[in-house]
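Novice: sequence? don't have it. structure:
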Ligand SMILES: [Zn+2]
């Protein structure tokens, strides 16, 4: 699929109506929206956003529907969750019993989602969908990461594998930069930032593999697949992340110092396992490090030869 930015006109429309949003902030603070449930959580959420990050949220909030259910929701076959956000119809589905733990995550989706009616394309953080979708794992991982880092222990911990991958992406792209790209619904910008360390096709492959692993880990499918298949894809993702990091590291520091705490942090935090309630995959960290270092050294050797030529 064609990955693009939100159309310029869409941003313009949102900014043009900014006065309306400023007014709305005041109204929300004065509690002029009596029929909106979970108002305390919504206000707490709003105050955690930077002013420039509030536009999409307040726009969606104007006509949002919040639908309660006492049961957990089954959004996709076999995937049960405490909540969900429907981008197309601007509806939050939430279980009121767990809303105080799960609503924050959904509100981040509300703050970073829009449907471009003209081009029939949905944008949500790092996710885009027009007939087919891409960036589901990047988006869920970062949404959960930012939810946990903003609201701490009070939120429900989910998507731990996706979160660990996004922590590595943050180390590559930079904290402020990644956050800005997320609120800008700018998958294209994220790919561009990663192109400092990898080529476009490899980045797209990584995003698709990450999506597939995300779907597997969160569905019944998981149990029908061979362990080797899952592990191979996890290794692929880890290798890709580590390789980009080594390239960044060599760019910045010239050579590898294996005792550098920053390098060790990246390695030890690169989540070399993924788990569900019943299965945990542990991958051999040291073996992977040696393989990737060998590959990067080979590529650099080849590059040297090319320069001499
Ligand atoms: Zn989500």
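Specialist: Here it is on my side, so go on. Everything quoted here is computed from the prediction, not taken from an experiment. Residues are numbered from 1 along each chain as shown.
Novice: residue 108: neighbouring residues, count only.
Specialist: Counted by other CB atoms under 10 Å, the residues lying close to residue 108 total 29. Any C-beta I mention is one placed from the backbone N, CA and C, and that applies to glycine too.
Novice: does it sit in a helix, a strand or a coil?
Specialist: Reducing the assignment at residue 108 to three states with DSSP: H, G, I helix; E, B strand; the rest coil gives helix.
Novice: residue contacts, it?
Specialist: Contact analysis of residue 108 by CB atoms under 8 Å, 6 or more residues apart in numbering lists 125, 143, 146-147.
Novice: which member of these is positioned nearest residue 45?
Specialist: The closest of the contacts of residue 108 to residue 45 turns out to be residue 147 (CB to CB; 9.6 Å).
Novice: ok, the closest one - contacts?
Specialist: By CB under 8 Å, 6+ apart, the contact set of residue 147 is 104-105, 108, 155.
Novice: which of the helices or strands spans it?
Specialist: helix 136-151 (DSSP states H and E).
Novice: and the contacts of residue 108, which is closest to residue 259?
Specialist: Nearest to residue 259 among these: residue 146, at 31.8 Å, using CB to CB.
Novice: which residues in the stretch 1-150 of the chain form helices?
Specialist: 8-16, 18-29, 39-48, 55-61, 99-111, 136-151 (DSSP state H, counting those that start in this stretch).
Novice: nearest residue to residue 168 in space, ignoring adjacent ones along the chain?
Specialist: Distance criterion CB to CB, 6 or more residues apart in numbering; nearest residue to residue 168, sequence neighbours excluded, is residue 241 at 4.7 Å.
Novice: repeat that for residue 2.
Specialist: residue 130 is the one closest to residue 2 (CB to CB, 6+ apart), at 8.0 Å.
Novice: residue contacts, the one you found?
Specialist: Contacts of residue 130 by CB under 8 Å, 6+ apart are 1-2, 119-122.
Novice: who's it bridged to?
Specialist: Taking DSSP bridges as the rule, residue 130 bridges to residue 132.
Novice: count of residues packed around residue 49?
Specialist: The local packing of residue 49 (other CB under 10 Å) involves 18 other residues.
Novice: how near is it to residue 150?
Specialist: 9 Å (CB to CB, to the nearest Å).
Novice: got the buried residues for the lengthiest helix in the chain?
Specialist: When the chain is parsed with DSSP state H, its longest helix is helix 227-253. By 16 or more other CB atoms under 10 Å, the buried positions in helix 227-253 come out as 230, 233-235, 237-249.
Novice: thank you kindly, that will do.
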